[in-house]
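> Starting from these lines, generate the structure:
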Amino acid sequence: MGLWILIGLNIITKVSGYSNGIFPMVCESMFPDHKTASASPFLPQNTTAPFDIIPEPGNEGDNITVFLKSTSLTPFRGFMLEARETINGNEIGNLTVGRFTTLESFPARLLTCKDSAGAAVSQRNNQMKTMSQVIWTPPSKPVAITFRATFIETFETFWINVEKNLVLPITPVRLPSTGIAMTLLDMFLVVLNMGLPNIFDSVRPGPLSRCLSKVSRICCTLLCTAVEIAALVLFVVSHPIQVLLVALVCVVMVINFIQLVVVFLPFGANNELKEIRGHAVNGCSVVHLMFTIGVIFVGIVKIVVCGKNGADSWLLLTMITFTVWAFLFVIWVFVTNTQRNAILGRRKIESPENSQSWREESKEKNLCGWILAAVSIIFIVGSLCFTVAIIVGLVGCQKEAGA
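Predicted coordinates for the structure are as follows:
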């Protein structure tokens with residue numbers, strides 16, 4: 001008699017169906033540990049499951065409502081649901097992603113898999129049901145996932161590997177390529193702002209060149225202001241908002257405003273003060289250039305679709321070359337300005353205008369001026385070529401990201 005009691009207790013233990021929803025050690029296989037009286041496992045059904053997984057995504061980044069429904073009149077008692085990351089339709093080592101939460105109107109139990117709380121969810125009781133509903137929070141990165149479920153109709157009848165594929169809305173860093181392109185135009189305008197006065201002063205120094213220099217500086221500064229406002233708007237409306245880029249552009253706009261104020265300062269006929277103003281404007285241009293380059297580098301580094309990594313990106317290498325080119329031009333401008341001022345000062349002290357030496361020196365100076373202007377033009381044209389090349393690269397990156 002005692003032997004039969006022990007056998008009966010053993011059978012009761014073996015047929016426990018985990019009605020409370022706790023599935024021990026089945027996170028990977030999702031196979032219910034349902035066994036016969038002889039300890040043989042029940043096998044899953046090999047027919048199409050009369051149940052379905054229906055995810056209903058909201059807006060980008062929102063939680064996803066997942067419905068577990070019967071596609072017929074067949075109810076189910078239990079279920080287990082996971083979300084697994086996939087690449088090209090293949091699961092990545094049974095890796096669960098995201099996190100489930102439950103609803104009061106649909107009692108369910110959260111499970112911990114591989115130390116990840118809420119990685120799976122199952123029923124809380126074994127009551128008959130034709131639908132259950134849970135909430136799934138996706139990971140922060142865009143992934144392709146497969147919802148995988150086990151449905152239990154009765155202790156002996158269940159289906160495994162019921163799947164529903166879902167590609168999360170990819171929210172890449174929609175880096176504002178247009179904003180970076182506008183900043184590149186701003187960088188070229190800064191180069192132009194330094195180059196045009198240098199050309200005018202090299203070819204024919206005098207009142208006319210000073211007037212042309214001032215007009216060119218005002219025009220370039222105003223154009224910089226318009227371009228920077230456009231870039232700022234594009235960075236603000238980008239998704240997600242580019243906070244660092246917005247901050248850097250704001251600094252650039254302040255520097256540009258200071259430069260505009262310096263250009264408009266009235267100095268009358270005082271040549272020394274005008275010379276100081278020229279150096280101050282060039283100094284502002286250098287600082288302006290440095291921050292503009294910072295904006296462009298931060299933006300380009302964020303564009304990961306143009307290369308496997310930032311160091312291998314031809315776009316980044318081109319920008320580095322452009323930066324070196326721009327600073328060589330800055331050095332050229334300061335050296336030529338210093339040299340030109342020294343020559344003018346020496347002429348005023350040493351040679352009267354009607355002397356033979358003055359006329360010879362004037363011819364030599366004119367020739368040197370044209371050479372200096374030609375070199376400045378080469379720098380400006382080169383800067384334009386770099387600007388166009390990088391903008392074309394940005395357009396290509398944008399198309400690749402949107403593909």
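> Just the endpoints, please. Distance across stretch 125-145?
Taking Cα to Cα, to the nearest Å, the first and last residues of stretch 125-145 lie 27 Å apart.
> Could I get the buried residue list for that stretch?
Burial within stretch 125-145, assessed by neighbour count using 16 or more other Cβ atoms under 10 Å, is assigned to 126, 129, 132-134, 136-138, 143-145. Any C-beta I mention is one placed from the backbone N, CA and C, and that applies to glycine too.
> between these, which is nearest Ser376?
Closest approach to Ser376 among the buried residues of stretch 125-145 (Cβ to Cβ): Val143, at 52.4 Å.
> re the thing from before, mind putting the buried residues of stretch 125-145 into CSV with secondary structure?
Converted to CSV, the buried residues of stretch 125-145 look like this (DSSP: H, G, I helix; E, B strand; the rest coil):
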residue, secondary structure
Asn126, coil
Lys129, strand
Ser132, strand
Gln133, strand
Val134, strand
Trp136, strand
Thr137, strand
Pro138, coil
Val143, coil
Ala144, strand
Ile145, strand
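> Give the rounded mean pLDDT of the helix or strand that contains Thr336.
In this structure, Thr336 is located in helix 314-350 according to DSSP states H and E. For helix 314-350, mean pLDDT is 78.
> what kind of secondary structure is Pro139 in?
From three-state DSSP, the assignment for Pro139 is coil.
> and what of Ile180?
Classified using three-state DSSP, Ile180 is helix.
> Compute the number of surrounding residues for the closest residue to it other than its chain neighbours.
Nearest residue to Ile180, sequence neighbours excluded (Cβ to Cβ, 6 or more residues apart in numbering): Gly299, at 4.0 Å. Gly299: 25 surrounding residues under other Cβ atoms under 10 Å.
> Which secondary structure state is assigned to Gly299?
Strictly by three-state DSSP, Gly299 counts as helix.
> check which helix or strand covers the closest residue in space to Val249 that isn't next to it in sequence.
Distances taken as Cβ to Cβ, 6+ apart place Leu232 nearest to Val249, at 4.8 Å, with adjacent residues excluded. Using DSSP H and E, Leu232 sits in helix 207-237.
> Equivalent analysis for Phe379, please.
Secondary structure from DSSP H and E places Phe379 in helix 356-402.
> returning to what we had before: isn't the residue nearest to Val249 up against Val252?
No: with contacts counted by Cβ atoms under 8 Å, Leu232 stays clear of Val252, the gap being 9.0 Å.
> Compare these two (neighbour count), which wins?
Neighbour totals were compared for Leu232 and Val252, and Val252 leads with 28 against 20 (other Cβ under 10 Å).
> The more buried one should be in a strand, yeah?
No: secondary structure of Val252 (three-state DSSP): helix, not part of a strand.
> quick one: what helix or strand has Val190 in it?
Using DSSP H and E, Val190 sits in helix 177-203.
> Now do that helix and helix 314-350, the angle between them.
With axes from the mean of the first three to the mean of the last three Cα atoms, to 10 degrees as the basis, helix 177-203 and helix 314-350 are set at 20 degrees to each other.
> how much does helix 177-203 deviate in direction from helix 207-237?
170 degrees.
> Check which helices and strands helix 177-203 is in contact with.
In terms of contacts (3 or more Cβ pairs under 8 Å, 6 or more residues apart in numbering; DSSP states H and E), helix 177-203 is packed against helix 207-237, helix 243-264, helix 271-302, helix 314-350, helix 356-402.
> any idea of the mean pLDDT in that helix?
The average pLDDT within helix 177-203 is 88.
> The residue nearest to Ile180 contacts Thr178, doesn't it?
No: with contacts defined as Cβ under 8 Å, Gly299 does not count as touching Thr178, sitting 10.5 Å away.
> and the helix holding Leu232, what other elements does it pack with?
Helix 207-237 is packed against helix 177-203, helix 243-264, helix 271-302, with contacts defined by 3+ Cβ pairs under 8 Å, 6+ apart.
> Following element in sequence after the helix or strand of the chain with the lowest mean pLDDT, please.
The helix or strand of the chain with the poorest confidence is helix 2-14; it has a mean of 44 (mean pLDDT, DSSP states H and E). Sequence-wise, the next helix or strand downstream of helix 2-14 (DSSP H and E) is strand 51-56.
> Can I get that following strand as CSV, trimmed to CA atoms?
Presented in CSV, the C-alpha positions along strand 51-56 are these (Å, rounded to 0.1, in the frame of the first residue of the first chain):
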residue,chain,number,x,y,z
PHE,A,51,-2.4,31.2,-32.1
ASP,A,52,-0.6,34.3,-33.2
ILE,A,53,1.7,37.1,-32.0
ILE,A,54,0.5,40.6,-33.0
PRO,A,55,2.9,43.4,-32.2
GLU,A,56,1.6,47.0,-32.6
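> Thank you kindly, that will do.
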